[in-house]
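*Asks:* got a sequence here, can you model it:
(one chain, ligands or ions: 2)
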Amino acid sequence: MDVPDTRDFVRALAADNAAFWTDRGVRLDAAAAPAVRLEQIRYRMRQGVYNELRSVELIAAWIPWVPEREIRELLPGQLDDEHRHYQLLRGRLRELGEDPDAYRPLPEWAALFDWLIACRTRPTLEKLAMFQFAGETQSCDGFETLIALASDVDPITGELYRSQILPDERRHAGIGRRALLLCDSPAAQARARAACHEMNERISAAYHAHRARVDTRA
Ligand SMILES: [Fe+2]
Ligand SMILES: [Fe+2]
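*Replies:* Numbering: from 1, shown residues only. Ligands and ions are numbered 1, 2, ... in the order given. So this is what the prediction gives:
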């Protein structure tokens, strides 16, 4: 059977993902006044506290449903990282005079994590294509934007993301790539591609619903 090199498959899928997000306009607003940018950064930190905690829950829910030992053994480390990120963001918000536990979950992100947790019985390649590969890659892009936009208005928070969160999230995206390298049949590759697309569509819908509901109010 003529199966393309799985590294070529992963590279092509990464390019597809990047193309999906080109010009979708879901990032922080670089042109906003410093005070607005600062509030947007704070907003995303509060949301980040929630997302990191749900990531802990998600990875814990998935681990028993990943039979491939070489992938499963990577996940407890990711769970530790997400828990550390949760605590780091809570600590930084406290330094800024906020109560990090005072905020209600945002419904768009709650629904996204509820759906991902319900996906725990799907094949490993689909799950990791969705969260680690598509989702974490998109998170890394979002963090890079946040770091750039925080450089003048909140450099301490920017440095926290740059030095203590982003490197871990890049490693998590790498776990997704590693899982996808196991996709050695056209059928497996098609399933992984469809799962990535499904995840990108859901993230995009959550961003836009959230932005329509909240950011226009700022
Ligand atoms: Fe994280
Ligand atoms: Fe992560």
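*Asks:* now do whatever residue of the chain ends up closest to ligand 2, the pLDDT please.
*Replies:* Nearest residue of the chain to ligand 2, counting by Cβ to the ion: His172, 3.8 Å away. From N, CA and C alone the C-beta is placed, and that goes for glycine too. In this model, His172 is scored at 97, pLDDT.
*Asks:* please apply the same query to the one 4 residues further on.
*Replies:* pLDDT for Gly176: 96.
*Asks:* dump stretch 200-218 to PDB, keeping only the CA atoms.
*Replies:* Listed next in PDB are the C-alpha coordinates belonging to stretch 200-218 (Å, rounded to 0.1, in the frame of the first residue of the first chain):
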ATOM      1  CA  ASN A 200     -10.600  24.300  14.800                       C
ATOM      2  CA  GLU A 201     -14.300  25.000  13.900                       C
ATOM      3  CA  ARG A 202     -15.300  24.600  17.500                       C
ATOM      4  CA  ILE A 203     -12.500  26.900  18.800                       C
ATOM      5  CA  SER A 204     -13.300  29.500  16.200                       C
ATOM      6  CA  ALA A 205     -17.000  29.400  17.100                       C
ATOM      7  CA  ALA A 206     -16.200  29.800  20.800                       C
ATOM      8  CA  TYR A 207     -13.900  32.700  20.100                       C
ATOM      9  CA  HIS A 208     -16.400  34.500  18.000                       C
ATOM     10  CA  ALA A 209     -19.300  33.900  20.300                       C
ATOM     11  CA  HIS A 210     -17.200  35.100  23.200                       C
ATOM     12  CA  ARG A 211     -16.000  38.100  21.400                       C
ATOM     13  CA  ALA A 212     -19.400  39.100  20.200                       C
ATOM     14  CA  ARG A 213     -20.700  38.800  23.800                       C
ATOM     15  CA  VAL A 214     -17.900  40.400  25.700                       C
ATOM     16  CA  ASP A 215     -15.300  42.300  23.800                       C
ATOM     17  CA  THR A 216     -17.700  44.600  22.100                       C
ATOM     18  CA  ARG A 217     -18.900  45.700  25.500                       C
ATOM     19  CA  ALA A 218     -15.300  47.000  26.400                       C
END
